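Participant: Here's a sequence, model it:
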Amino acid sequence: MSELGSPFVKKEKGGAGSLDSTNGKTKHHKHHHTQNRLAWIDLIRVASAFMVIFTHVCWRYAEAPPGSIPDSFWLFTKFFDTLFYCAVPMFFMISGYLLLRRQNSIQHGFFKRLLKIGVPLTVWSIIYLIVRGWTIGTDLMGNPINFYNGIRCILTGNVSAHLWFLYAIFSLYLVAPILRSYLKSATRENKIYFLLLWGCACFLCPILFGILKILFDIDKVNLDFYIVGGHVGYFVAGYFLGHRTISSKTCLLCFISLVSLALITTLAGFVLSDLEKNMWSFLVYRLQIPMALLFFVVLKYIGNTEFYRKSASSFVISRFAPLTFGIYIVHILIMHVVGDGILGFSLNICTFDPWFSIPLTVTTVFLLSALVVWSLKKIPHSHWILP
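Facilitator: Predicted coordinates for the structure are as follows:
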């Protein structure tokens, strides 16, 4: 996932797999394939893909009200659901860093990137509609699936819930040349100001307006932050944080803040069990902004450490990283295949004890999705549907 090119950079001194100045060969043969890759980008890609699968596998339990399942299990699923809810925003941030730092003109590379999103979006929308028509017979709105309704579903984004990311990233690609020009000339203070406005527009103001609605019965406060709203902030934040050097102290502070936010939100939902579900969903949705920024900083720091870059984990993760876009697209299909017993066995969070079923199901779906994507990529010209 993320920007649909590989995260390669010019040779960096001291980086994993850097070239030996005497013979031009890599110092660490087992990391030869990671030469010139940004290890932290691979780490965020794979971690985010795994987090997405976790939230989708556990969503029924995560949405269950307190008391309907054992308390310990409710706290566990709600905590990690809150913690991992920021997975897709981190994909936006990676896309922003990789795309906005490039200097390609609109004529060279821009429309090609749009095709790299538009073609997979169209093809996989058709595939998901065919599968849904075969298994269920109706679309997400309950209408029968036919040619007319299929086109309407694709145009309105009502094919499969998780494909919304492709629509959003396509829109961001359209404004990327404008953002690139702004970021190229903007000062550090100006970029920070943009991000602060975005944080106000998408995090602080909605919460404040919600409080005002309760206190004064106001449907809408007459302030419009539309120009700095939406997912564009993740794009700019990824570019900004991607170019910052993260200290160990900053990483530790962000990690503590990240865990504390998820823990406080989880405990609040448990104690205030009568909290209105819509209000709870609203709160978790808004929290994904600070959670994404904090998670991004922590993973970037870990992925940049010499210990990680020379570890076996870096080697393994770098092999999965190019598959993450495909993993995201196909994992819903794999979840149904595994859960419905099409392979001769049924595996979901209720198959065994949930404490065992959850990690087993998430890992199985992730690995099978990766295997399917890896196999499809062996087909000639498959890069058009799985960049």
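Participant: Please report how far S185 lies from K191.
Facilitator: 11 Å (CB to CB, to the nearest Å). Every residue, glycine included, has its C-beta placed from N, CA and C.
Participant: more crowded one of these two?
Facilitator: More crowded of S185 and K191, by other CB atoms under 10 Å: K191, with 17 against 7.
Participant: Isn't that one up against F235?
Facilitator: No: here K191 lies out of contact with F235, judged by CB atoms under 8 Å, at a distance of 11.9 Å.
Participant: and the gap between L114 and N146?
Facilitator: Counting by CB to CB, the gap from L114 to N146 is 28 Å.
Participant: nearest residue to the residue nearest the centre of the chain other than its sequence neighbours?
Facilitator: Geometric centre of the chain, nearest residue: V88, 2.1 Å, by CA atoms, centre = their mean. Once flanking residues are discounted, V88 sits nearest to F165: 5.6 Å by CB to CB, 6 or more residues apart in numbering.
Participant: ok, back up a step: which ones are touching the residue nearest to the centre of the chain?
Facilitator: Applying CB atoms under 8 Å, 6 or more residues apart in numbering, we find V88 in contact with S48, V52, F165.
Participant: So which of these wins on neighbours?
Facilitator: Busiest of the contacts of V88 [other CB under 10 Å] is S48, holding 28 neighbours.
Participant: residue contacts, that one?
Facilitator: Applying CB under 8 Å, 6+ apart to S48 gives the contacts M1, A87, V88, M90, F91, I94, T324.
Participant: export the strand or helix carrying it as CSV, just CAs?
Facilitator: Element membership of S48 [criterion: DSSP states H and E] is helix 39-57. Coordinates of each C-alpha in helix 39-57 appear next as CSV, following Å, rounded to 0.1, in the frame of the first residue of the first chain:
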residue,chain,number,x,y,z
ALA,A,39,13.3,0.1,6.3
TRP,A,40,11.0,2.3,8.4
ILE,A,41,8.5,2.6,5.5
ASP,A,42,8.5,-1.2,5.1
LEU,A,43,7.8,-1.6,8.8
ILE,A,44,4.9,0.9,8.8
ARG,A,45,3.4,-0.7,5.7
VAL,A,46,3.4,-4.3,7.1
ALA,A,47,2.4,-3.2,10.6
SER,A,48,-0.6,-1.2,9.1
ALA,A,49,-1.7,-4.1,6.9
PHE,A,50,-1.6,-6.4,10.0
MET,A,51,-3.5,-3.9,12.1
VAL,A,52,-6.2,-3.5,9.4
ILE,A,53,-6.7,-7.3,9.3
PHE,A,54,-6.9,-7.4,13.1
THR,A,55,-9.6,-4.7,13.3
HIS,A,56,-11.7,-6.4,10.6
VAL,A,57,-11.4,-9.9,12.1
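Participant: Next SSE downstream of that helix?
Facilitator: helix 59-62.
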